[in-house]
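Novice: Below are the sequence and a predicted model; questions follow.
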Amino acid sequence: MGVTYDEKERIFKLDTPNTSYILGVVDEEGFLGHIYYGKKLKNSNVSYLLRTQEPPFVPSKNNRERCSFYDRFPFEYPTGGVGDYRESAISIRTQKGHVASQLLYKDYEIMDGKPALEGLPATFGDKDSCTTLKVICEDSIVGMQVELFYTAFSDADVITRSVRVTNTGKEAFYLTKVFSASFDMDNEEYDMLSLHGSWARERHMQRKPLGYGIQNVSSFRGESSHQDHPFLALLGKHTTQETGDVYAMNFVYSGNFRAQAEVSQFDSVRMSMGIHPENFCWKLEPQESFQAPEVVCVYSDKGLDGMTTAFHHLYKKHLIRGEYKDKKRPILINNWEATYFDFDTGKLLSIAKEASKLGIEMLVMDDGWFGKRNSDNCALGDWFVNEEKLPGGLSYLVDEVNKLGMKFGIWMEPEMISPDSELYRAHPDWAIAVPGRTATESRQQYVLDLSRKEVIDYVYERISAILKSANIEYVKWDMNRQLTDIGSYDLPADRQGELYHRYVLAVYALQDRMMKEFPKLLLENCSGGGARFDPGMLYYSPQIWCSDDADAIERLEIQEGTALIYPLSTMGAHVSDCPNHTVGRVTPFETRGIVALAGTFGYELDVTKISKEDRDKIPEQVAMYHKYNDLVRQGDYYRLASYSQNHKFDCWEVVSEDKTEALVTFVQVMNRANFKSRRLLLKGLDADKYYKIEGEATVYSGDTLMHAGILLQNMWGDFQAKLLHFVEA
Ligand code: DGJ
């Protein structure tokens, strides 16, 4: 496993337990080509795939067709302007205004473990879990060195990639595009799988055939977004949940991104991912470097299940950090849908009192506790407790909550500023805006210009003061609008194109600082629901609010799309009131609990106002959470059926690592007339072990459950859910 270099053939081979990734240097000029990514190979002698023996040959042997070579060669990190007309991975503009560049191989280094990426979130690992290859390329005309980093993990079928660009010349140049990963493959007629959505409808899966030309998903909203997701997978035409080829990329970044596939005239596919080039322009002075974020690449020959397993394993072991990395999270009750802005200490304490009796472990006070914030029209930035609502301040409220045996958590939206706020009146230039142009409001708020040190310092000072003022054990960090009017009052003209990325770096720096000062804090990221659910944020917070839509049926597609990549332990999921506040649907309380069990689990309702019948079910749900959460959090996740595809029912499973137990969750969305039972095949069990459903006598062998399956009786009514707990017999 790890990385090997065949010096004679000039071929690098990266191996994970079941995959190989091969790249090589050809010709005396040193073109870096992508040779192979797929099922593990014993040897690296597959350089014939570069087709350098076929016309138009390599340039040194046939300079007449140099352009044809460039436009056809499977480049590992393509540049533009000299003859490859496919999309480049990197673009620059020199002081003279030239944009052509060409990267040629120079050197390499193989390292144990994985170096951190300065200022950026990234996966991590030590010498026992990964090996890193650095390939150094240069453009001596521009004066640019590009280091391509590849890490092969030994405990997950994952290769990560990132790029660092250094100005080695004597003059500044502008980096106008820098993708983090790109490779060329032969086209086997792929489908493209991506995740799309909207507010309250995040990460719905979309699969469509890949055609000629460029197809991409992207965001230039300043965050990863509700609308598109920094993920792309190419699937073989016949790939299913369990079988077939999948090539996937996921971006460890929380800002603008582009993920794309381009099918060329020669039926090759270029798959790439990186920071969206729209509005991106980074000035690099001599000796300065730019570190691009990381892309996680997965190849699976076991369909989507194989891909999901690789992502989940990597993120659980090598991305999520801190106190709660492997810990059960407290069951929380959040007052947002219970009260919206209409609350005070008395109301919060009455919710907490009732909740504590039912076994709920933490009260989270949402939006509306600071400044004059009685609606979403004002006060963002004024992070001072509103003592009219909370007499005695936070310390009184938190102490009272703690006396009930509950923890206390708080909501903040640190990146924002309301035009109607003390902060804006004092510092109107702290908002992102183009001077002279009225900036576009969204939810009647602006975004703070976090590229400015004084703004970051103010925001951090407020966060830190609030967190020190009482025993606050959880923060919900929200972000309720996307970026527009990209302009900073502070940055010089030729650095305005750096604002989007500087903004994201500042968010990371703030969260990093907060987690270093308050290491025991449980941080949940959120962005108007799930608009910043990405691996970048997971590096700082072990859980992210999945969506503002907590309707149990809407959540099926949202959670399916989210769990396609991210472990169940990361998905913020709550039981909310009915009729549901987003779609008006009424679902059984039990079903809401069972669907929320697939995530972090909590409540989003006024426990003093719901019916006694529902309230009485909470202790049972609390017990259910405590019984199954270790399995849900740590087990291997499998998708058994998808409501988004069959429009009838949804079904997923988690299996413990030692395969001694499994939990199957089945949600019957619509009942059907004249229909008795449904056959269901389990996955991931030990074929040689024997299992029974807890509370039942029948014993099944693992192979029976996986190949013959069980029969699930139809349930009476729509929106019904069932849990089946399989234990070793
Ligand atoms: C959006 C979040 O997703 C909600 O849960 C809530 O915190 C509101 N913001 C508060 O403004």
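Specialist: Nice, thanks for sending it over. Numbering: from 1, shown residues only.
Novice: C-alpha only now, for contacts and for neighbours.
Specialist: Will do.
Novice: what's the burial count for the residue in the stretch 1-150 of the chain that the ligand sits nearest to?
Specialist: The minimum distance from the stretch 1-150 of the chain to the ligand, using CA to the nearest ligand atom, falls at Pro121 (22.9 Å). The tally of other residues near Pro121 (other CA atoms under 10 Å) stands at 24.
Novice: helix/strand/coil for Asp703?
Specialist: Recorded secondary structure, Asp703: helix (DSSP: H, G, I helix; E, B strand; the rest coil).
Novice: Pull up the residues of the protein that are close to the ligand.
Specialist: Counting by CA under 6 Å from any ligand atom, the chain comes close to the ligand at Trp336, Asp366, Asp367, Cys526, Ser527, Gly528, Gly529, Asp548.
Novice: Would you mind measuring from the first one to Tyr603?
Specialist: What it means is Trp336. For Trp336, the distance to Tyr603 (CA to CA, to the nearest Å) stands at 10 Å.
Novice: what does the fifth one give?
Specialist: Distance check for Ser527 against Tyr603: by CA to CA, it reads 18 Å.
Novice: Count residues in the vicinity of Leu49, would you?
Specialist: For Leu49, the neighbour count with other CA under 10 Å is 15.
Novice: dump the residue contacts of it.
Specialist: The contact partners of Leu49, taken as CA atoms under 8 Å, 6 or more residues apart in numbering, are Ile35, Tyr36.
Novice: now Lys237
Specialist: Neighbours of Lys237 in contact, by CA under 8 Å, 6+ apart: Glu189, Tyr190, Asp191, Pro209.
Novice: and which of these is nearest to Ser356?
Specialist: Nearest to Ser356 out of the contacts of Lys237 is Asp191 (CA to CA; 49.8 Å).
Novice: For the nearest residue in space to the closest one that is not next to it in sequence, grab the count of nearby residues.
Specialist: Using CA to CA, 6 or more residues apart in numbering and skipping residues adjacent in sequence, the residue nearest Asp191 is Pro209, 4.2 Å away. The number of residues packed near Pro209 is 13, by other CA under 10 Å.
Novice: where does this protein have low pLDDT?
Specialist: Residue ranges of the chain with pLDDT under 70: 1.
Novice: Name the residues that touch the helix or strand in which Ile618 is found?
Specialist: Element membership for Ile618 (DSSP states H and E) is helix 612-634. With contacts defined as CA under 8 Å, 6+ apart, helix 612-634 is touched by 326, 328, 331, 358-360, 567-569, 589-590, 593, 597-599, 601, 607, 654-657, 662-663.
Novice: Give the ChimeraX command for selecting the buried subset of the residues you listed.
Specialist: Of those, the buried ones can be selected in ChimeraX as follows, counting by 16 or more other CA atoms under 10 Å:
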select :326,331,358,359,360,567,568,569,589,590,593,597,598,599,601,607,654,655,656,662,663
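Novice: from the contacts of helix 612-634, which ones fall inside strands?
Specialist: Using DSSP state E, the subset of those located in strands is Val654, Val655, Ala662, Leu663.
Novice: quick one, helices of the chain?
Specialist: Remark: helices assigned in the chain by DSSP state H are 66-72, 303-318, 336-339, 345-358, 393-403, 422-426, 453-468, 499-517, 535-538, 554-563, 589-596, 612-634, 643-646, 702-703.
Novice: Output the longest one as CSV, restricted to C-alpha atoms.
Specialist: Only the C-alpha atoms of helix 612-634 are listed here, as CSV (Å, rounded to 0.1, in the frame of the first residue of the first chain):
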residue,chain,number,x,y,z
LYS,A,612,-50.2,14.9,26.0
GLU,A,613,-50.3,11.8,23.8
ASP,A,614,-47.3,13.0,21.8
ARG,A,615,-45.5,14.3,25.0
ASP,A,616,-45.9,10.9,26.6
LYS,A,617,-44.0,9.3,23.7
ILE,A,618,-40.9,11.4,24.3
PRO,A,619,-39.4,9.3,27.1
GLU,A,620,-39.8,6.2,24.8
GLN,A,621,-38.0,8.1,22.0
VAL,A,622,-35.3,9.2,24.4
ALA,A,623,-34.8,5.6,25.4
MET,A,624,-34.7,4.6,21.8
TYR,A,625,-32.0,7.1,21.1
HIS,A,626,-29.9,5.9,24.0
LYS,A,627,-30.3,2.3,23.0
TYR,A,628,-29.4,2.7,19.3
ASN,A,629,-27.2,5.8,19.0
ASP,A,630,-23.9,4.0,19.4
LEU,A,631,-24.9,1.7,16.5
VAL,A,632,-26.3,4.6,14.4
ARG,A,633,-23.2,6.7,15.0
GLN,A,634,-20.5,4.1,14.7
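Novice: What is the end-to-end distance of stretch 274-287?
Specialist: Counting by CA to CA, you get 23 Å between the two ends of stretch 274-287.
Novice: oh, and call the first residue 45 from now on, that's how I've got it
Specialist: In the new count, where the first residue is 45, that last one comes out as stretch 318-331.
Novice: For it, give me every contacting residue.
Specialist: Here stretch 318-331 has contacts from 210-225, 262-264, 295, 299-303, 334, 336-337, 339, 538-542, 544-545, using CA under 8 Å, 6+ apart.
Novice: at 6 Å what do you get?
Specialist: 211-221, 223-224, 300-302, 541-542 (CA atoms under 6 Å, 6 or more residues apart in numbering).
Novice: residues touching the residue in the stretch 245-394 of the chain positioned nearest to the ligand, list them.
Specialist: The ligand sits closest to Trp380 of the stretch 245-394 of the chain, with a gap of 5.9 Å, by CA to the nearest ligand atom. With contact taken as CA under 6 Å, 6+ apart, Trp380 is in contact with Asp410.
Novice: likewise the one 5 residues further on?
Specialist: Phe385 makes contact with Gly412, Asn418 under the criterion CA under 6 Å, 6+ apart.
Novice: How about the contacts made by the residue nearest to Glu457 when sequence neighbours are not counted?
Specialist: Once flanking residues are discounted, Glu457 sits nearest to Asp522: 4.7 Å by CA to CA, 6+ apart. Asp522 makes contact with Glu457, Cys570, Ser571 under the criterion CA under 6 Å, 6+ apart.
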